[in-house]
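In: no sequence for this one, just the structure:
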């Protein structure tokens, strides 16, 4: 038998994880705070996506500018 307090904590943690999988990050937060958190996460993802696209374009331009290897 385990510690009853620890068992309750683990069950709550599992419930929160299931809620986050279903509803998105911060599902256990109040609705307005959850919306704010999800908006911040979305902004961060957009920044990362933009930087990846820029890096991809730079690589493509560098590849196009490089001379083709002689055969």
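Out: Nice, thanks for sending it over. What you are looking at is a predicted structure, and each value in this text was computed from that prediction instead of being measured.
In: Run the chain-centre distance for whatever helix or strand residue 50 lives in.
Out: Under the criterion DSSP states H and E, the helix or strand holding residue 50 is helix 31-65. Relative to its chain's centre, helix 31-65 lies at 11 Å (CA atoms, centre = their mean, to the nearest Å).
In: what comes up buried for that helix?
Out: 34, 38 (16 or more other CB atoms under 10 Å). The way it works is simple: take the backbone N, C-alpha and C, and place the C-beta from them, glycine included.
In: could you give the mean pLDDT of that helix?
Out: Average pLDDT, helix 31-65: 91.
In: same thing with stretch 16-27?
Out: The pLDDT scores in stretch 16-27 average 86.
In: Return the list of helices and strands in contact with the helix holding residue 50.
Out: For helix 31-65, there is no helix or strand it packs on, judged by 3 or more CB pairs under 8 Å, 6 or more residues apart in numbering; DSSP states H and E.
In: let's number from 368 now, not from 1
Out: In the new numbering, first residue 368, that becomes helix 398-432.
In: ok, residue 379 to residue 388 distance?
Out: Counting by CB to CB, to the nearest Å, the gap from residue 379 to residue 388 is 15 Å.
In: what about residue 377, how many residues close to it?
Out: 12 (other CB atoms under 10 Å).
In: Let's verify residue 396: helix, strand, or coil?
Out: coil (DSSP: H, G, I helix; E, B strand; the rest coil).
In: thought it was touching residue 404?
Out: Yes - using CB atoms under 8 Å, residue 396 makes contact with residue 404 at a distance of 6.5 Å.
In: Wait, residue 394 touches residue 382, no?
Out: No - applying CB under 8 Å as the test, residue 394 and residue 382 come out as separate, 9.8 Å apart.
In: This completes my enquiry, with thanks.
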